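S.K.: Return atomic coordinates for the entry below.
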Amino acid sequence: MYAETILDIAMNHSDTLIEKAKNGDRAAQGKLVNLWFKRIYNFAHKYFADHDLAMEIAQETFIVLHRKICQLESVDKFKPWLYRITANLCHAESRKMQSADRLRMNDDRQEHEEEIASAPFYNPDKQFQREELQRVLQKALNALSTEQRAVVIMKEYEGLKFREIAEILSCSENTVKSRLYYGLSHLRQILLAKNITTEILEP
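M.R.: You can find the predicted model right below:
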């Protein structure tokens with residue numbers, strides 16, 4: 001699901017920019033926002049499937065960056081540090097809206113079941129329409145625990161290494177691998193229950 005682009009390379013080789021930002025250079029901090037905003041927004045959007053909420057999380061992430069980057073331990077820690085801020089904001093928001101989410105999820109499940117019941121039988125020989133696949137995958141992601149969802153998004157969508165994810169979440173690499181394994185297994189079960197191919201989740 002992840003392919004390195006010129007932008008990805010730039011983000012991974014911006015040590016001088018990060019050092020300047022760490023030392024209080026506002027222009028450098030602004031450039032970091034421009035460089036990383038889309039990636040952080042995409043993470044939050046995958047987490048919540050809500051544009052406004054993803055924008056809010058991304059904006060809050062970079063507010064924290066402006067305020068706290070001077071406390072960054074070292075330049076090479078920037079990437080996990082930034083993702084940790086975003087993940088913590090997502091977890092906090094998720095806890096805050098947990099009750100409302102549960103009610104809304106029940107409504108969404110019922111609506112989706114009605115759509116599936118009235119839809120034509122899924123033909124695995126035909127390519128699933130991209131928009132429909134993304135919608136179903138997002139609902140399946142939302143059904144995961146917050147810990148599993150964060151790991152699946154970071155690994156499968158953001159292309160982060162196990163070591164980086166472990167550092168972001170302050171846990172061991174084995175814990176990350178376990179959450180990924182059970183998260184992907186859960187996703188497969190959800191998709192299979194809806195007669196949807198799970199090839200997209202195959203290694």
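S.K.: Where does the prediction get shaky in the chain?
M.R.: Along the chain, segments meeting pLDDT under 70 span 1-13, 99-131, 196-203.
S.K.: Just give me the residue closest to the centre of it.
M.R.: Most central in the chain under CA atoms, centre = their mean is Phe43, positioned 3.3 Å from the mean C-alpha point.
S.K.: how about it, what does it touch?
M.R.: 83, 86-87, 90, 153-154, 157-158 (CB atoms under 8 Å, 6 or more residues apart in numbering). The C-beta positions use only the backbone N, C-alpha and C, and glycine is treated the same way.
S.K.: do the same with Met154
M.R.: 43, 83, 87, 160, 164-165, 168.
S.K.: run the last query once more with 7 Å
M.R.: 83, 160, 165 (CB atoms under 7 Å, 6 or more residues apart in numbering).
S.K.: Contacts for the helix or strand harbouring the last one, please.
M.R.: Same thing as Ile165. Using DSSP states H and E, Ile165 sits in helix 162-169. With CB under 7 Å, 6+ apart as the test, helix 162-169 has contacts from 79-80, 83-84, 87, 150-151, 154-155, 172-173, 176-177.
S.K.: before we move on, the earlier item: name the SS class of the residue nearest to the centre of the chain, please.
M.R.: Three-state call for Phe43 (DSSP: H, G, I helix; E, B strand; the rest coil): helix.
S.K.: For stretch 17-24, output the C-alpha coordinates as PDB.
M.R.: In PDB, the C-alpha atoms belonging to stretch 17-24 read as follows (Å, rounded to 0.1, in the frame of the first residue of the first chain):
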ATOM      1  CA  LEU A  17      15.700  21.700   8.400                       C
ATOM      2  CA  ILE A  18      14.800  19.800  11.600                       C
ATOM      3  CA  GLU A  19      17.900  21.100  13.400                       C
ATOM      4  CA  LYS A  20      17.100  24.700  12.400                       C
ATOM      5  CA  ALA A  21      13.500  24.200  13.500                       C
ATOM      6  CA  LYS A  22      14.700  22.700  16.800                       C
ATOM      7  CA  ASN A  23      16.800  25.900  17.400                       C
ATOM      8  CA  GLY A  24      13.700  28.100  17.000                       C
END
